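J.: Would you be able to build a 3D model of this:
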Amino acid sequence: MAKPVTPEGAGVAGGVEAIYAEVRRLAGGGVVVAPPELTEVAPGIVSVAVRTPTLPPAAHTACYVVGSGQVLAIDPGSPYPDQQGALAAAVGARGQLVAVVLTHHHGDHIGGAVALAAAHDAPIWAHAATAAALPQVAVARNLDDGEVVEVGGRALRAVFTPGHAEGHLCFRDEASAAVIAGDMVAGLGTILIDPSGGHMATYLASLEKLLAAGTSALLPAHGPAIVDGPAKLREYLAHRRMREARVAAALSDAPQSAAALCAVAYADTPAFLWPLAERSLLAHLVKLVEDGAAVAEGRAWRKVS
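T.: Prediction:
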């Protein structure tokens, strides 16, 4: 992934996780806590939704269990012991766990990785950039773009899709073309591209890469399976380009703060989500600066004269 040209002032006190926590507080409760259940979402692939401290309106992260007899578990994200125990039992019901696999390093995807690996005496696999972001996690195998892993009658091809996170991987089932998509898309809620660890131009290129790869269904980390994967990818590309155009249109000859630009470019977004929207706006501004369409002046931005 290209190194982000992060504008001055793009940092957040307490990090983006502090914004997540505040959005969860403002969004309120209403989360239904149920025991994790196995749901078949594609041939040889089941989903186990576990409760995680993720971004509302989502409240769960799907752990995908691939294969039968011998299995992989992708993104066991729950840090909660009750969810971890139920997930370990659900995985065991499918067969011997060969490895825990991570799409990327964010907490709502790796929160239960060590616990599940320990419960089944299994290794953890991830991209090298994800391993580097998780020094506290022993990653036994680095997975590279194009690498094929065969397990329990399934063959998964790793697809390197950075942008949301530097080491992000998707996994394409070679037989069905279904793609375990991590945080490339969401079946519930949205995907945040934060300039502290993400890069908008790289993310858009990764969406295009998935589209070109020949995708059928998309199996996201949050929300239900997306049957028409190509349509969802095109929708995401169109939405991000629309938002970039709004950010560009909000720029003027006079430098403006991110907050002022957000109020215009994200006027269609509920105000309590503006702290998150501002992070996405900063990612768009980084891209506009890189494209030569905007200029950063300290903590303000203006259009190119």
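J.: Could you use CA atoms for every contact and neighbour count after this?
T.: Will do.
J.: Following the helix or strand where residue 109 lies in sequence, what is the next regular element?
T.: Element membership for residue 109, per DSSP states H and E: helix 107-110. On the C-terminal side of helix 107-110, the closest following helix or strand by DSSP H and E is helix 113-120.
J.: one step back: any idea how far the helix holding residue 109 is from the middle of the chain?
T.: Relative to its chain's centre, helix 107-110 lies at 10 Å (CA atoms, centre = their mean, to the nearest Å).
J.: Over to stretch 130-138?
T.: Centre to centre, stretch against its chain (CA atoms, centre = their mean), the figure for stretch 130-138 is 17 Å.
J.: For the stretch 51-200 of the chain, which segments count as helices?
T.: Using DSSP state H, counting those that start in this stretch, the helices of the stretch 51-200 of the chain run over 81-94, 107-110, 113-120, 128-133, 200-212.
J.: And the last one, what does it pack against?
T.: What that stands for is helix 200-212. If contacts are counted by 3 or more CA pairs under 8 Å, 6 or more residues apart in numbering; DSSP states H and E, helix 200-212 sits against helix 229-250, helix 274-290.
J.: Packing partners of the last one?
T.: To tie it back to what came earlier, the one meant is helix 274-290. helix 15-27, helix 200-212, helix 229-250, helix 258-265, strand 294-297.
J.: Just put these in a markdown table and tack on distance to residue 60, mean pLDDT and mean neighbour count.
T.: Output for the helices and strands packed on helix 274-290, formatted as a markdown table (distance: least, CA to CA, whole Å; pLDDT from 0 to 100; neighbours: other CA atoms under 10 Å):
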| stretch | distance to residue 60 | mean pLDDT | mean neighbour count |
| --- | --- | --- | --- |
| helix 15-27 | 13 | 63 | 15 |
| helix 200-212 | 23 | 98 | 20 |
| helix 229-250 | 21 | 98 | 17 |
| helix 258-265 | 28 | 97 | 18 |
| strand 294-297 | 37 | 97 | 19 |
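J.: Same list (these) but as JSON lines, adding distance to residue 124.
T.: JSON lines is the format used below for the helices and strands packed on helix 274-290 (distance: least, CA to CA, whole Å):
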{"stretch": "helix 15-27", "distance to residue 124": "24"}
{"stretch": "helix 200-212", "distance to residue 124": "24"}
{"stretch": "helix 229-250", "distance to residue 124": "28"}
{"stretch": "helix 258-265", "distance to residue 124": "39"}
{"stretch": "strand 294-297", "distance to residue 124": "41"}
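J.: Minimum distance to residue 223: which of the ones you listed has it?
T.: helix 229-250 (13.4 Å; CA to CA).
J.: so what secondary structure elements neighbour that closest one?
T.: In terms of contacts (3+ CA pairs under 8 Å, 6+ apart), helix 229-250 is packed against helix 200-212, helix 258-265, helix 274-290.
J.: Compute the distance from the centre of that helix to the centre of its chain.
T.: That offset, for helix 229-250, works out to 17 Å (CA atoms, centre = their mean).
J.: Give me the residues contacting that helix.
T.: Identification of contacts with helix 229-250 by CA atoms under 8 Å, 6 or more residues apart in numbering yields 185, 204, 207-208, 210-211, 215-218, 226, 261-262, 264-265, 281, 284-285, 288, 293-294, 303.
J.: Mind doing that once more with 7 Å?
T.: Helix 229-250 is contacted from outside by 204, 207, 211, 215-218, 261, 264-265, 284, using CA atoms under 7 Å, 6 or more residues apart in numbering.
J.: mean confidence for the helix holding residue 109?
T.: Helix 107-110 shows a mean pLDDT of 96.
J.: List the buried residues of it.
T.: The neighbour-count criterion (16 or more other CA atoms under 10 Å) identifies 107-110 as the buried residues of helix 107-110.
J.: Now that we have those residues, can you turn them into JSON lines and tack on distance to residue 53?
T.: Formatted as JSON lines, these follow (distance: CA to CA, whole Å):
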{"residue": "107", "distance to residue 53": "8"}
{"residue": "108", "distance to residue 53": "6"}
{"residue": "109", "distance to residue 53": "10"}
{"residue": "110", "distance to residue 53": "11"}
